[in-house]
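Q: have a look at this prediction, sequence included:
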Amino acid sequence: MSKHGKILVAMSGGLDSTVTAVMLREQGYEVVGITMKTWDYATSNTSGKETGCCSLDSINDARAISVQHGIHHMILDIRDEFGDYVIDNFVDEYLAGRTPNPCVLCNTHIKWEALLKRADQLDCEHIATGHYAQTRFENGRYIVSKGLDAGKDQSYVLWGLSQKSLARTVFPIGNLHKSQIREMALERGFKEMVAKSESYEICFVPDNDYRGFLKNRIPGLEAQVDGGNFVLSNGTVVGKHKGYPFYTVGQRKGLELAFGEPYFVLAIDSKTNTVTLGKKEELEQNGMWVGDINIQKYSRLEKPLETITKVRYKDPGTLATINQVDDFMEVKFHSKVNAIAPGQSAVFYEGNDVVGGGWIKSAFDIEKSLQHSQSEWA
């Protein structure tokens with residue numbers, strides 16, 4: 001009988017999840033390690049080197065560490081669920097002219113559901129992951145807050161987790177710095193794992209070439225969308241592009257046009273195969289509508305709330321007033337924000353706490369548009 005009970009740990013084969021599992025084992029938990037196979041690299045038709053959490057090396061690393069430390073380990077094949085939901089959504093979003101956020105979608109709808117289901121089958125009360133985030137229970141709610149290491153904080157990708165999921169989730173390394181994790185790993189003889197470079201790529205696009213992935217996924221796509229118009233915000237046609245799905249809001253490089261000064265992608269219209277370009281100041285806006293919201297810290301926002309709002313993972317955040325309107329969030333930034341991309345996650349923070357988040361639906365400029373509505377995409 002273990003000292004603290006039985007816990008299921010998601011082990012990707014990487015440093016953080018490995019230290020998480022071993023640390024819990026040393027604390028007296030009966031640890032069950034599980035490595036989720038989300039993607040079959042051989043089917044991607046890409047030329048890059050196999051990397052990331054789904055590679056054979058990563059799975060073997062997780063298994064080897066488990067054997068060394070007396071951890072029961074298993075592999076869970078969720079390729080079908082992952083492909084049907086995450087990859088199909090990834091493709092659909094680009095075809096709709098948006099920029100998807102597959103890691104958030106996977107956490108919310110695939111990984112946690114799979115972990116909790118297997119935890120029930122194995123009589124594990126809790127699940128643990130190697131995310132740099134923290135949780136606490138306060139005023140009847142489970143609240144996610146930033147990890148202690150600001151440079152590694154991963155709370156942004158956890159906004160979609162439900163109260164039911166958070167009630168059974170622990171983040172054992174959320175109160176530690178990455179340097180401490182490396183020291184702990186070296187003390188336990190994981191020298192090769194510490195030396196191994198970390199992968200920040202999307203697991204099913206291991207060469208980081210999403211355009212090539214789309215072309216392989218949809219035969220004939222390139223020919224279908226090639227030759228659409230690059231236009232300025234006043235409608236002036238300034239050139240031809242290679243297909244709207246191959247551009248993202250905020251993109252500057254790869255436009256293959258000479259303006260004499262930097263121009264950026266402002267908007268993408270999938271219906272007309274049009275990509276709108278403009279100067280940096282045109283890319284800056286101070287309002288947006290966010291849909292499919294999940295409020296973690298409160299049951300509902302009854303009045304406007306000032307938050308620091310992030311519009312992408314590495315965004316430091318901008319002060320904003322958020323106001324819940326039915327199932328949407330109206331966000332008014334207190335200063336201009338660069339490259340608000342529909343399809344990305346917006347996450348709202350109160351101090352270090354995640355208030356909640358949602359998917360960016362559209363951006364607007366408060367000064368230019370006093371009447372703004374979510375009716376077009378609701």
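A: Happy to help now that I have it.

Q: D57 versus G83, what's the distance?
A: 22 Å (Cβ to Cβ, to the nearest Å). C-beta: built from backbone N, CA, C; applies to glycine.

Q: so where do the strands sit in the stretch 101-250 of the chain?
A: For the stretch 101-250 of the chain, the strands defined by DSSP state E, counting those that start in this stretch cover 126-128, 133-138, 141-146, 169-170, 229-232, 237-240.

Q: for the stretch 101-250 of the chain, what spans make up the helices?
A: Under the criterion DSSP state H, counting those that start in this stretch, the stretch 101-250 of the chain contains helices at 102-106, 112-121, 163-166, 178-187, 191-195, 210-217, 221-225.

Q: let me know which of these is tucked in deepest.
A: helix 102-106 (a mean of 22; mean count of other Cβ atoms under 10 Å).

Q: residues in contact with G70?
A: Each residue near G70 by Cβ atoms under 8 Å, 6 or more residues apart in numbering is listed here: R25.

Q: for it, report the pLDDT, please.
A: According to the prediction, G70 has pLDDT 91.

Q: what separation do you get for it and I127?
A: Counting by Cβ to Cβ, the separation of G70 from I127 is 19 Å.

Q: got it, and V354?
A: 18 Å.

Q: got it, and T276?
A: 44 Å.

Q: below-threshold pLDDT in the chain: ranges please.
A: Across the chain, the ranges flagged by pLDDT under 70 are 1-2, 41-55, 199-200, 369-378.

Q: which one of V354 and I127 has more residues nearby?
A: For V354 versus I127, the count of surrounding residues by other Cβ atoms under 10 Å is larger for V354: 26 against 22.

Q: picking up where we left off before, of all the helices of the stretch 101-250 of the chain, which lies closest to R136?
A: helix 163-166 (9.9 Å; Cβ to Cβ).

Q: would you mind writing the CA trace of that closest one as PDB?
A: The C-alpha trace of helix 163-166 is given here as PDB (Å, rounded to 0.1, in the frame of the first residue of the first chain):
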ATOM      1  CA  GLN A 163     -14.000  22.300 -13.000                       C
ATOM      2  CA  LYS A 164     -14.500  18.600 -13.100                       C
ATOM      3  CA  SER A 165     -11.100  18.000 -14.700                       C
ATOM      4  CA  LEU A 166      -9.300  20.500 -12.500                       C
END
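
Q: contacts for that helix, please.
A: For helix 163-166, using Cβ under 8 Å, 6+ apart, the contacting residues are W112, L116, T135, R141, Y142, V144, Q296.

Q: give me the buried entries from the residues you listed.
A: Buried members of these, scored by 16 or more other Cβ atoms under 10 Å, are W112, L116, T135, Y142, V144, Q296.

Q: which two among the contacts of helix 163-166 are spaced furthest apart?
A: Maximum pairwise distance among the contacts of helix 163-166 (Cβ to Cβ): 18.6 Å, between L116 and R141.
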